[in-house]
Every structure is written in C-alpha cells, then in structure tokens.
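Engineer: Prediction below, plus the sequence it came from.
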Amino acid sequence: MKFLIVNGPNLNMLGIREPELYGTLTYDGLVQYIRGQAARLGAEVEFFQSNGEGELVTAIQKAYGRMDGIVINGGAYTHTSIAILDALKAVSLPAAEVHLTDVDSREEFRKVSYLGMACCCRFSGEGKAGYVHAIEKLIEIIEADNTKSIK
Ligand code: DQA
C-alpha cells in the first residue's frame, strides 16, 4: 500500500519553531522516522510539504489514482481551509488527520478542524508516533474494505 504523507505550513520549521511545543526533531528527521516505521509496516510512503494552500490542494489531487490513502498534518490550514477539505473530498481516498500537539488542549481556534471533516480518524498530541498510528489505522481500514468487497 502506498500513502501520501502531507505536511502543511511551518512544519518545515520543526526543530526551530517553538521547541517547547513541537520538540527538537527536524522535518528531515521526521521524514526519516516515518520512512523507517512505514518500511516496518510494509507500506510505501511519499512525502509532500508546503507552506502554500494551493500547492497542498494540487498535491492531494495528484494522489488520485496513485495512492491508497493520505496522512495529513495540515498545520494551521487544518483550522481554516475549505479548499483542502474539498480536495480531500474530491479524491475520496481514506485520509487520517495528524497533529504533533494536542490541538484540543490549546487555543479555542485550534479546536475547529475543517480537514477532519474528510478524515476517517485523528491522531493528536502523540508527537511523531501519530503519523505511524495513522498509517496503521489506514492499513486496517483498507484491508477491512478489501475483505468486504471479496465477500
Ligand atoms: C499542528 C497544530 C496546528 O494548530 C498548528 O497550526 C501547526 C501544527 C500540530 O502538528 O500540532 O502548525 O498541526
């Protein structure tokens, strides 16, 4: 199975941005970690990070017909972007929402998630492990779906 791992704005600044919240792991370190864990799970992963909303929309559109699922940490666009929500709905791939921090225990405005409306599950506040749990969950969902269609 092949998954697109999407990271939104400011996640390229991991390791520098608010380390007391996000830790000291860099974006490259995060990619390496997810790659290793995905290999352990027998999954293929492709990464995309952008600070631009339109670029994120295009990356999601390009996943159509190529990927089995999407793991997305939309950063701040999580809480604002109807365009990214619509892109997720358009490709209709199983998608999992990830946040390094526990967004529900932060500011009020982070409690709203547009992207979550197109996602089957959410991993928030688990740090880098959230991405791996998201891949595991998507594999489980896709495998269950395949079994159903075989029956
Ligand atoms: C984040 C949480 C968002 O509210 C924030 O805007 C981010 C990162 C997280 O991973 O915890 O950029 O998605």
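Structural biologist: Sure, I can see it.

Engineer: ok, the closest residue in space to residue 109 that isn't next to it in sequence - contacts?
Structural biologist: Spatial nearest neighbour of residue 109, excluding adjacent residues (C-beta to C-beta, 6 or more residues apart in numbering): residue 79 at 5.8 Å. C-beta here means a position set from N, CA and C on the backbone, and glycine is covered the same way. Taking C-beta atoms under 8 Å, 6 or more residues apart in numbering, we find residue 79 in contact with 109-110, 112-114.

Engineer: Could you do residue 96 as well?
Structural biologist: Contacts of residue 96 by C-beta under 8 Å, 6+ apart are 69-72, 119-123, 134-135, 137-138.

Engineer: coming back round to it: I'd like the distance between the residue nearest to residue 109 and residue 9.
Structural biologist: Per C-beta to C-beta, to the nearest Å, residue 79 is found 11 Å from residue 9.

Engineer: anything in whatever helix or strand residue 61 lives in sitting right up against the ligand?
Structural biologist: Residue 61 is located in helix 53-62, with elements delineated by DSSP states H and E. No - counting by C-beta under 6 Å from any ligand atom, the ligand is not contacted by helix 53-62; separation bottoms out at 12.6 Å.

Engineer: ok, residues contacting that helix?
Structural biologist: Counting by C-beta under 8 Å, 6+ apart, 4, 6, 8, 48, 50, 70, 72, 74, 77, 81, 83-84, 86-88, 90-91 sit against helix 53-62.

Engineer: Show me what whichever strand or helix holds residue 142 is packed up against.
Structural biologist: According to DSSP H and E, residue 142 maps onto helix 129-150. Helix 129-150 sits against strand 2-7, helix 27-41, strand 69-73, strand 95-99, strand 121-124, with contacts defined as 3 or more C-beta pairs under 8 Å, 6 or more residues apart in numbering; DSSP states H and E.

Engineer: Name the residues of the longest one that are buried.
Structural biologist: Within helix 27-41, the residues that count as buried by 16 or more other C-beta atoms under 10 Å are 27, 30-31, 34, 37-38.

Engineer: Ok, stretch 125-145 next?
Structural biologist: 126-128, 130-139, 142.
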